[in-house]
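Trainee: Fold the stuff below for me.
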Amino acid sequence: MNSELPWWKNGVIYQIYPKSFQDTTGSGTGDINGITQRLDYLKTLGVDAIWLTPLYLSPQIDNGYDVADYCEIDPAYGTLEDFERLTAEAHQRGIRIVMDMVFNHTSTHHEWFRQSQDAGSPFRPFYIWRDGATEGGPPNNWRSKFGGGAWQWHETSGQYYLHLFATEQADLNWEYPPVREALKKVCQFWADKGVDGLRLDVINLVSKQQDFPTDDAGDGRRFYTDGPRIHEFLQEFSRDVFKPLGLMTVGEMSSTKLEHCRRYAANDGSELSMTFNFHHLKVDYPNGEKWADAPPDFVQLKQIFREWQQGMHGHAWNALFWCNHDQPRIVSRFGDEGALRTTSAKMLAMVLHGLQGTPYIYQGEEIGMTNPGFEHLEQYRDVESLNMFAELKTDGRSNEELLRILAKKSRDNSRTPMQWNAGEQAGFTSGTPWISVSHNAQDINTEQALADKDSVFYLYQQLIRLRKTLPVLTDGDYQDLLPEHPQLWCYTRQASGKTLRVVANLSGQEQTLTLAELDGNTLLSNYASPAISGTLRPYECLWQLAG
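Mentor: Prediction:
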């Protein structure tokens with residue numbers, strides 16, 4: 001293990017969605033003490049850090065991404081003292097804490113926005129207020145990412161405010177220096193509480209083109225994605241806050257480009273430590289349309305990973321992930337929910353963890369949790385899903401079709417409660433959960449996984465250990481061996497005379513493997529029986545090491 005590397009370069013980070021992780025009060029909502037209670041489980045898994053989605057005071061229109069106070073814990077989750085205890089207990093176990101910072105927008109319940117509603121207030125410039133178009137209506141035709149227009153009329157002050165997300169999430173005006181200074185103080189506050197890193201929500205959207213032009217060819221995103229001053233703003237935050245406080249930073253980059261991420265996550269550390277991008281999770285969007293159904297295009301998937309692995313190598317650092325709180329479960333999406341669930345879950349873990357970057361594991365991924373298979377609209381809670389259902393219904397699409405698409409694409413697929421055991425409510429709560437527990441919790445849960453030495457859990461445990469002991473995982477380059485094969489993903493990582501070859505069957509059918517034999521050892525396999533020469537069994541994956 002190279003001790004000179006920053007911890008996150010050979011570490012693995014575990015994402016927790018607190019609302020659905022562990023409830024200790026019977027309220028039906030997960031809480032901070034529930035996370036503390038499960039730290040030993042996370043220690044057993046071996047992760048280096050936990051990233052917590054927002055715990056701040058919030059009306060919960062968008063599950064906490066509508067922040068009403070950045071320095072207060074929402075009572076639904078506990079208290080600041082609970083958080084301090086969690087941090088201390090995590091640090092005792094060698095687990096770091098990464099907090100989610102939602103700096104593109106606040107809740108309209110935030111005190112800054114309340115004061116901003118007065119046109120004469122010093123807080124007016126904290127948000128993006130504009131007059132309507134001369135011919136009437138909003139300032140431009142930009143669309144909200146949650147459906148509908150991105151401007152909301154405010155009767156009292158006679159102007160519109162911008163909200164790229166829900167109406168209740170008003171965009172902050174980063175052009176106004178006091179906004180940036182206020183957000184730096186938030187970072188300082190949490191660093192003082194012992195936080196080790198920050199995940200920056202949709203951070204590449206904060207710099208908007210200031211003439212706010214109408215978009216004749218889209219929804220407006222080209223005028224604020226990777227915007228005109230974004231690198232300047234991030235360099236300022238790195239210089240003033242991130243570096244002095246020793247914070248690891250990961251930026252969530254919406255609809256971004258490789259050339260920007262090479263700057264955001266550059267090896268000189270002038271902006272951020274690493275970046276998330278989502279291009280690989282749009283390969284099942286037919287013609288770029290999320291709310292439509294299509295099988296994944298694995299040739300495109302490999303092409304995207306090839307571009308990012310090779311484009312970032314030697315220049316910048318990737319964050320690697322299949323799942324998060326905004327994505328369906330990867331086993332349901334790219335694998336098999338039935339008899340080959342365990343095999344496909346292991347394969348998906350192995351192909352991702354063989355890449356260069358920092359892997360993120362989303363709660364339940366390590367036991368192969370699936371989409372819950374909701375059948376009724378009443379089971380959904382996600383604002384995006386409910387808005388889209390209503391919007392697409394007006395296009396004449398049937399309830400049956402829309403429910404089938406929601407069951408595959410909704411963000412709620414990853415937000416059902418963590419499955420701890422086969423008992424009542426899967427051990428998540430003694431009360432009624434805020435969202436239904438998945439139908440298969442009796443068969444898929446951590447108690448069962450820990451008791452089975454061949455479970456997905458122990459494969460993840462191995463992958464986490466290998467990242468610390470195999471330098472080729474941290475340093476190696478990337479070569480795609482079969483870029484055009486529609487079912488096989490085979491690549492090598494090479495560094496310092498070592499070659500790691502990963503061969504994977506992405507399908508549920510046996511495939512012929514035409515690659516030459518590698519003069520080395522099989523390091524990992526997701527099948528108990530030996531590999532068959534020239535063949536890959538359904539969802540089979542091998543790690544082979546030579547040199």
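Trainee: going forward, measure contacts between C-alpha atoms and count neighbours the same way
Mentor: Will do.
Trainee: tell me the contacts of residue 374?
Mentor: Counting by CA atoms under 8 Å, 6 or more residues apart in numbering, residue 374 touches 380, 407.
Trainee: And it, which helix or strand is it part of?
Mentor: In this assignment (DSSP states H and E), residue 374 forms part of neither any helix nor any strand.
Trainee: got the contact list for the residue nearest the centre of the chain?
Mentor: Central residue of the chain (CA atoms, centre = their mean): residue 324, 3.9 Å from the mean position. By CA under 8 Å, 6+ apart, residue 324 lies in contact with 15, 362, 414.
Trainee: can you check residue 172 too?
Mentor: 103, 104, 105, 106, 126, 127, 128, 179, 206.
Trainee: Looking at the closest residue to the fifth one other than its chain neighbours now. What's its pLDDT?
Mentor: Distances taken as CA to CA, 6 or more residues apart in numbering put residue 173 closest to residue 126, at 5.2 Å, once the chain neighbours are dropped. Each residue has a pLDDT score; the one for residue 173 is 99.
Trainee: mind checking how far residue 173 is from residue 78?
Mentor: 31 Å (CA to CA, to the nearest Å).
Trainee: tell me how far the least confident helix or strand in the chain by mean pLDDT is from the chain's mean position?
Mentor: Of the helices and strands making up the chain, the lowest-confidence element is helix 383-393, at a mean of 87, by mean pLDDT, DSSP states H and E. Counting by CA atoms, centre = their mean, to the nearest Å, helix 383-393 is centred 22 Å from the centre of its parent chain.
Trainee: do stretch 395-405 as well
Mentor: 27 Å.
Trainee: Next: stretch 347-360.
Mentor: 14 Å.
Trainee: Can you dump the C-alpha atoms of that stretch in CSV for me?
Mentor: The C-alpha trace of stretch 347-360 is given here as CSV (Å, rounded to 0.1, in the frame of the first residue of the first chain):
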residue,chain,number,x,y,z
MET,A,347,-19.9,-9.4,-11.9
LEU,A,348,-21.1,-5.8,-11.8
ALA,A,349,-19.0,-5.2,-8.7
MET,A,350,-15.9,-6.7,-10.2
VAL,A,351,-16.0,-4.8,-13.5
LEU,A,352,-16.5,-1.5,-11.7
HIS,A,353,-13.9,-2.0,-9.0
GLY,A,354,-11.3,-3.0,-11.5
LEU,A,355,-11.3,0.5,-12.9
GLN,A,356,-9.1,3.6,-12.0
GLY,A,357,-10.8,5.9,-9.5
THR,A,358,-12.5,5.9,-6.1
PRO,A,359,-15.3,3.4,-6.0
TYR,A,360,-18.6,4.3,-4.2
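Trainee: coming back round to it: any chance of a markdown table for the contacts of residue 172, columns secondary structure?
Mentor: Below are the contacts of residue 172 laid out as a markdown table (DSSP: H, G, I helix; E, B strand; the rest coil):
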| residue | secondary structure |
| --- | --- |
| 103 | coil |
| 104 | coil |
| 105 | strand |
| 106 | strand |
| 126 | helix |
| 127 | strand |
| 128 | coil |
| 179 | helix |
| 206 | coil |
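Trainee: Could you export the residues you listed as TSV, including neighbour count, pLDDT and distance to residue 193?
Mentor: Below are the contacts of residue 172 laid out as TSV (neighbours: other CA atoms under 10 Å; pLDDT from 0 to 100; distance: CA to CA, whole Å):
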residue	neighbour count	pLDDT	distance to residue 193
103	22	99	19
104	23	99	23
105	27	99	23
106	26	99	22
126	24	99	26
127	24	99	28
128	22	99	31
179	18	99	22
206	23	99	26
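Trainee: Pick the one among these closest to residue 463.
Mentor: residue 103 (33.0 Å; CA to CA).
Trainee: gap between the nearest residue to residue 39 once chain neighbours are set aside and residue 41?
Mentor: Spatial nearest neighbour of residue 39, excluding adjacent residues (CA to CA, 6+ apart): residue 90 at 6.7 Å. Distance of residue 90 to residue 41, computed by CA to CA: 11 Å.
Trainee: who's more crowded, these two?
Mentor: Neighbour count, other CA atoms under 10 Å: between residue 90 and residue 41, residue 90 has more, with 22 against 13.
Trainee: right, and the secondary structure at the more buried one would be what?
Mentor: The local conformation at residue 90, judged by three-state DSSP, is helix.
Trainee: So what's the predicted local confidence for it?
Mentor: Looking at residue 90, the pLDDT reads 99.
Trainee: re the thing from before, show me the contacts for the residue nearest to residue 126.
Mentor: Counting by CA under 8 Å, 6+ apart, residue 173 touches 125, 126, 127, 128, 179, 206.
Trainee: try it again with 7 Å
Mentor: 125, 126, 127, 128, 179 (CA atoms under 7 Å, 6 or more residues apart in numbering).
Trainee: so the fourth one touches residue 162, yeah?
Mentor: What that stands for is residue 128. Yes. Using CA atoms under 7 Å, residue 128 makes contact with residue 162 at a distance of 5.7 Å.
Trainee: Show me whatever sits in contact with both of these two.
Mentor: Common contacts of residue 128 and residue 162 (CA under 7 Å, 6+ apart): residue 171.
Trainee: Domains in this protein, by residue range?
Mentor: Domain ranges of the chain: 7-106+176-464, 111-170, 477-546, per automatic domain parsing.
Trainee: For residue 238, give me the backbone phi and psi.
Mentor: When read as degrees, to the nearest 10, the backbone of residue 238 gives phi -60, psi -50.
Trainee: Roughly how far does it sit from residue 178?
Mentor: Separation of residue 238 from residue 178 (CA to CA) stands at 17 Å.
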